[in-house]
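A.B. asks: Need the 3D shape of this:
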Amino acid sequence: MKRNPIKTARNKADKLFQQVCLKLNPNSMVSGKPAEVSHHFIPKSLSNALRYDIENGITLTNGEHLQHHSQGDPEIYEKMTENKSAEWFAYIRSKRREIIKPTLAWYKLNIERLQYESTK
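C.D. replies: Numbering: from 1, shown residues only. Take a look at the predicted model:
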C-alpha cells in the first residue's frame, strides 16, 4: 500500500513543531514544570499560516493541555497569555488570517525550517 506523501510530510512537520517548541521552551508556560506538549494557541484547524509558527506554540504539561481542552479552564488560558506582549498578540492576529494552501512543497519547506530551528 502506497503512503500519502502529503500526510507523511504533515506528520513529520507536526512532530518537528512539537520538538522545536519543547526545545526552545522546555518548561510549561502555565506552571513552570517540565513541558510535555506544545499547544497551538491558534488551533491548527483555524490557521495553516500559524500551524508551524513557533510563536504559536504554548508549552504545557499533558495535564494542563488536557485541562485546557476538556474543561476550557479560563485560568489555563490566562496563564498561557499573561507573559505575552501586545506585539505578540498583534503578530498572531495578523498572521492568523493569512491564507495558505497546504501542498507537499509547503510541508517540505516547513520541515526544512523546523529542522534548522532545531539546530539553534
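A.B. asks: Doesn't T59 lie inside a strand?
C.D. replies: Yes: T59: assigned to a strand according to DSSP: H, G, I helix; E, B strand; the rest coil.
A.B. asks: mind listing what it touches?
C.D. replies: By C-beta atoms under 8 Å, 6 or more residues apart in numbering, the contact list for T59 reads C21, L22, N25, P26, N27, S28, M29, A35, V37, S38, H39. All C-beta atoms are positioned from the backbone trio N, CA, C, and that covers glycine.
A.B. asks: Next step: those restricted to strands.
C.D. replies: Members of the contacts of T59 lying in strands (criterion: DSSP state E): V37, S38, H39.
A.B. asks: wait, which of the residues you listed is closest to T8?
C.D. replies: Set against T8, the nearest of those by C-beta to C-beta is S38 (20.6 Å).
A.B. asks: Now do that closest one, the pLDDT please.
C.D. replies: pLDDT for S38: 95.
A.B. asks: For it, which non-adjacent residue is spatially closest?
C.D. replies: Using C-beta to C-beta, 6 or more residues apart in numbering and skipping residues adjacent in sequence, the residue nearest S38 is C21, 3.5 Å away.
A.B. asks: pLDDT weak spots in this structure?
C.D. replies: 1 (pLDDT under 70).
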